[in-house]
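K.L.:
Everything below, folded, please.
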Amino acid sequence: EKLGGKALPCAVDIRFEDQVQAAVDNAIKVFGGLDILVNNASAIQLTNTASTSMKSYDLLNTVNTRALGVQFLPSVVLFCLKPLIFFSSKLCLSSLKKAVNPHILTLSPPLNLNPMWFGNHVAYTISKYGMSMCVLGMAREFRGFGIAVNALWPRTAIYTAATKMLAGGEDFSSQCRVPEIVSDAAYAILTRPAKDPKNTGNFFIDEEVLREEGVTDFDMYAIKPGASLAPDFFLDSPKTHFDDASTGTVPKGSVEAIFDKLQSLLSEEHVKNVGASFYFVLTDPEPGHWFIDLRAGSGCAGRAETDASEFDCRFELGSDQFVKMFEGKVIPSKAFIAGDLHIDGDVFAAIKLEKLLKNMNK
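P.N.:
Numbers count the residues shown, from 1 in each chain. As a prediction, the model looks like this:
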């Protein structure tokens, strides 16, 4: 408000229809109507089927698809609620019909049916694609009212509180862009004529929108200009995403040498900081099963003689990629996002392991 705008903050539990309806009614009463609905924040849980409780599944789909993070923009005003797409769009429809340039913008990805985006976190993917399907359907349904309905998704990881939590802290920030790139792209979309047929039913990518607007310097959005950026979920990338340093063959016997080195480096301090165990299923060119156990004593590592059931986290990847990961040439979080590293079990334990590897490679 110091900048000349107005805001109407509302505390809302989006599970309850009456609270959401009251927030919408208050926004219309204070500002005289709604011109823009932004379905913003959403719940995230990157767990596989076995590790996802029904409570978590219901939360993901209630918050993301049923609800959808909501921001109402009555012209110059931003009114923020958190998530509810189908429900929020339904409640705002009558007011949006009266607006001069009505828009609905949802932060959800293009509908990409590549199985790699389902394998590691099927429940989360279902909830995000549910949001995108609402965009697709409502764009068609609302076009007769002159309401533009579009989706927006970032090309790269965006550094937010959620990203910091999932990636294990501030170390990941250098691979991210700032949220302003998304807000700038959103502004460009929301100021376009809603009644123009080409301005509805789109799945926009932030970088592509800004290029259309004439932006050429994207370093201004980078946390660390010039650094390699982590791709966001649901956008396919070529296998060269591991960067130039990851190319080339790995000498035979490298995997065993790495575990020998790990065994000599592990300490009680590592056990204290990580407190978890890891099982590795490696494929060609050096297939085998290995483990790192950081739950007691000074920790231990070597060939696995049992199955993965007694370990906190299971990794599956190529042995050549494994070697480069332990050499610091491949970033595990980037490989996971791109679908080249499969993780089962405790994802947060995996994040701790990534931080440990980074420290050991310094």
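
K.L.:
what about Asp344, which helix or strand?
P.N.:
Using DSSP states H and E, the element containing Asp344 is strand 342-345.

K.L.:
Measure how far the very next helix or strand once past that strand is from the centre of its chain, please.
P.N.:
Next in sequence after strand 342-345, counting helices and strands by DSSP H and E, comes helix 347-360. Distance, stretch centre to chain centre, for helix 347-360: 19 Å (CA atoms, centre = their mean, to the nearest Å).

K.L.:
Then stretch 265-283?
P.N.:
The chain centre lies 26 Å from the centre of stretch 265-283; the measure is CA atoms, centre = their mean.

K.L.:
first vs last residue of that stretch, how far apart are they?
P.N.:
25 Å (CA to CA, to the nearest Å).

K.L.:
Poorly predicted segments of the stretch 151-300 of the chain, please.
P.N.:
Applying pLDDT under 70 to the stretch 151-300 of the chain flags residues 165-170, 237-253.

K.L.:
how does it look with 90?
P.N.:
The model of the stretch 151-300 of the chain has pLDDT under 90 over residues 157-175, 227-267, 269-276, 283-286.

K.L.:
Can you give me the distance of the nearest residue to Phe311 once chain neighbours are set aside to Gly318?
P.N.:
Counting by CB to CB, 6 or more residues apart in numbering, the nearest residue to Phe311 once its immediate chain neighbours are dropped is Tyr279, at 4.0 Å. Placement of C-beta: from N, CA and C, glycine included. Tyr279 sits 16 Å away from Gly318, going by CB to CB, to the nearest Å.

K.L.:
Between those two, point out the one with more neighbours.
P.N.:
Neighbour count, other CB atoms under 10 Å: between Tyr279 and Gly318, Tyr279 has more, with 23 against 17.

K.L.:
Surely that one is in a helix?
P.N.:
No. According to DSSP: H, G, I helix; E, B strand; the rest coil, the state of Tyr279 is strand, so it is not within a helix.

K.L.:
looking at it, it is touching Cys313, isn't it?
P.N.:
Yes. Here Tyr279 reaches Cys313: they are 7.1 Å apart, a contact under CB atoms under 8 Å.

K.L.:
that older thread, residues contacting the residue nearest to Phe311?
P.N.:
Shown in contact with Tyr279 (CB atoms under 8 Å, 6 or more residues apart in numbering): 289-291, 304, 308, 311, 313-315.

K.L.:
which helices and strands sit right next to the strand holding Asp344?
P.N.:
strand 313-318 (3 or more CB pairs under 8 Å, 6 or more residues apart in numbering; DSSP states H and E).

K.L.:
and the strand it packs on with helix 347-360, angle?
P.N.:
Inter-element angle recorded for strand 313-318 and helix 347-360: 60 degrees (by axes from the mean of the first three to the mean of the last three CA atoms, to 10 degrees).

K.L.:
What are the contacting residues of strand 313-318?
P.N.:
For strand 313-318, contacts defined as CB under 8 Å, 6+ apart pick out 276-285, 308, 322, 325, 335, 340-347, 349-350, 353.

K.L.:
again, only this time at 6 Å
P.N.:
With CB atoms under 6 Å, 6 or more residues apart in numbering as the test, strand 313-318 has contacts from 278-281, 283, 308, 341-346, 349-350.
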